[in-house]
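*Asks:* what's the 3D shape of this:
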Amino acid sequence: MKKNALITLFYVFNLIVLIGCSEEHPSEKISEIEDQIENELKSKCSSNLKSEILAKTNPEAYKARRESIEKHIKSFIVDKKLKEANGQKTEETVVEIPIIIHSFWTKLKHKVTTQQAEDQIDVLNEDFGMTNPGLINIPMEFENAVSEDTNIQFRLKKLVHIKVTAEQWRSFGQNGNRMKNVDEGGASAIRPRRNLNIWVGKQDGGFSSFPWDDTEDENGIVLDGVVVGYDSFGINTIDRGRLMTHEVGHYLGLLHIWGGNDTSGLRTNCDIDDEVADTPNTKGQNLGDCFVNETCQSNDMIMNFMDYTDGRCQYMFTEGQKSRMRAHFAEGGARSRLGNLGTN
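*Replies:* All right, here's what the predicted structure looks like:
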């Protein structure tokens, strides 16, 4: 039985039980189940939502940035394919991205230790280096799509601990961007054009800025970087550190494999693309277990880091996703000053 069918049956069964055992109006129980589903999705990634909010502050500027960056990406990919067709080998610079972690805490269990930070970066290097042991399980239909080493590496540059009040801690859970605002108990980004800043605190799941997002809000607070919950950071989590891989994918311009619509299950979602040719279109996110699910007349790529399956199910980027990320490091790219690429 397909995964979506199992999920649907599960929620229908619970709906019947809840309505049958309660004197409350059925619509109230339906709302409760919808909230449960929404909370499960919230625990993963809210990058799209954050980006949409930013886009509404200045839609024209956002659209212009997005179109300019997409044009750069397409030009990079076309040029790369032309060189390969002419037998020219494309030399790739190994990009080393320095990471600065801002770790907030009210209790000792919230603090990110140096070992946790290094373990998390090891996961990033394994995943972006395409040395994840799960690759031995790649289905035959996706073997030709699997990326080689992306030549993107990460290193821990700095781990900063910031103790906050209980009130500030709770406020981070309401709006993760408050971690970036000193006036609200947060910490400012450190040289964001050169470093990947990661804020770790109270947060459901995580989110990242996209290369085309505004780098600052209306108050001048730098937003560029990744935010993740303290209980989703590191290898001893349900996602085994893969939520960070997912969010860094967004930071480097990758979309969810189902594209930009987070309303799952719509037939029209099969017409929405993630701007990558070798990831099959899907009707929406796959949650939890490693069930192979067919939604748009092809199997979903549930093992892709940009889906929502559990970390143990995820082990690949595609060659198309690699090219999309690498485009941002090319001359004129949105991330062309990161780490060892930058000069100032």
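*Asks:* Can I get stretch 247-264 in CSV, CA atoms only?
*Replies:* The C-alpha atoms that make up stretch 247-264 are tabulated as CSV, following Å, rounded to 0.1, in the frame of the first residue of the first chain:
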residue,chain,number,x,y,z
GLU,A,247,18.5,23.7,5.6
VAL,A,248,22.0,24.3,4.1
GLY,A,249,20.6,23.0,0.8
HIS,A,250,18.1,25.9,1.0
TYR,A,251,20.9,28.3,1.9
LEU,A,252,22.7,27.2,-1.3
GLY,A,253,19.5,27.7,-3.4
LEU,A,254,17.8,24.3,-3.4
LEU,A,255,14.0,24.1,-3.2
HIS,A,256,12.0,21.2,-1.8
ILE,A,257,11.8,18.5,-4.3
TRP,A,258,8.1,19.2,-4.7
GLY,A,259,8.7,22.8,-5.6
GLY,A,260,7.3,25.8,-3.8
ASN,A,261,3.8,24.7,-2.8
ASP,A,262,3.7,23.3,0.8
THR,A,263,0.0,22.2,0.4
SER,A,264,0.6,18.5,-0.1
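*Asks:* Tell me the gap between it and the middle of its chain.
*Replies:* With CA atoms, centre = their mean, to the nearest Å as the basis, stretch 247-264 stands 6 Å off its chain's centre.
*Asks:* which stretches of this structure form helices?
*Replies:* Using DSSP state H, the helices of the chain run over 3-20, 26-42, 47-57, 59-85, 114-128, 166-174, 242-251, 319-327.
*Asks:* Skip the chain neighbours and tell me the closest residue to the residue nearest the centre of the chain.
*Replies:* What sits nearest the mean C-alpha location of the chain, by CA atoms, centre = their mean, is residue 247, with 2.7 Å. Spatial nearest neighbour of residue 247, chain neighbours left out: residue 208 (4.2 Å); criterion: CB to CB, 6 or more residues apart in numbering. Yep, even glycine has a C-beta here, placed from its N, CA and C like the rest.
*Asks:* related to what we said a few turns ago, and the residue nearest to the centre of the chain, how far from residue 197?
*Replies:* Using CB to CB, to the nearest Å, residue 247 is found at 12 Å from residue 197.
*Asks:* Next: residue 269.
*Replies:* Using CB to CB, residue 269 is found at 32 Å from residue 197.
*Asks:* gap between residue 62 and residue 210?
*Replies:* Distance from residue 62 to residue 210, by CB to CB: 10 Å.
*Asks:* Show me which of these two is the more surrounded one.
*Replies:* Neighbours per residue (other CB atoms under 10 Å) separate residue 62 from residue 210, with residue 210 holding more: 21 against 18.
*Asks:* what's the closest residue to the more buried one other than its chain neighbours in contact with, if anything?
*Replies:* Excluding the flanking residues, the one nearest residue 210 by CB to CB, 6+ apart is residue 51, at 5.5 Å. Residue 51 is in contact with 209-210, 213, counting by CB atoms under 8 Å, 6 or more residues apart in numbering.
*Asks:* just residue 165 next, same as before
*Replies:* So residue 165 contacts 106, 185 (CB under 8 Å, 6+ apart).
*Asks:* what do you get if the cut-off is 7 Å, keeping everything else the same?
*Replies:* Residues near residue 165 by CB atoms under 7 Å, 6 or more residues apart in numbering: residue 185.
*Asks:* And residue 207, by the same measure?
*Replies:* 45-47, 50, 176, 227, 247.
*Asks:* Could you save the residues you listed as JSON lines and add columns showing distance to residue 161 and pLDDT?
*Replies:* Converted to JSON lines, these look like this (distance: CB to CB, whole Å; pLDDT from 0 to 100):
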{"residue": "45", "distance to residue 161": "25", "pLDDT": "88"}
{"residue": "46", "distance to residue 161": "25", "pLDDT": "85"}
{"residue": "47", "distance to residue 161": "25", "pLDDT": "88"}
{"residue": "50", "distance to residue 161": "25", "pLDDT": "86"}
{"residue": "176", "distance to residue 161": "18", "pLDDT": "92"}
{"residue": "227", "distance to residue 161": "16", "pLDDT": "97"}
{"residue": "247", "distance to residue 161": "21", "pLDDT": "97"}
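*Asks:* Let me have those in CSV, extended by distance to residue 78.
*Replies:* Below are the contacts of residue 207 laid out as CSV (distance: CB to CB, whole Å):
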residue, distance to residue 78
45, 30
46, 33
47, 27
50, 30
176, 37
227, 34
247, 28
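*Asks:* Make a ChimeraX selection of the buried ones in these.
*Replies:* Per 16 or more other CB atoms under 10 Å, the buried members of the contacts of residue 207 correspond to this ChimeraX selection:
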select :45,46,47,50,176,227,247
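*Asks:* Between the contacts of residue 207, which sits nearest residue 297?
*Replies:* Set against residue 297, the nearest of the contacts of residue 207 by CB to CB is residue 45 (26.0 Å).
*Asks:* Leaving out chain neighbours, which residue sits closest to that closest one?
*Replies:* residue 205 (5.7 Å).
*Asks:* how close does the residue lying closest to residue 182 once chain neighbours are set aside sit to residue 225?
*Replies:* Among residues not flanking residue 182 along the chain, residue 188 sits closest, at 5.7 Å (CB to CB, 6+ apart). Using CB to CB, one obtains 11 Å as the distance from residue 188 to residue 225.
*Asks:* cool, and residue 255?
*Replies:* From residue 255 to residue 225 the distance is 18 Å (CB to CB).
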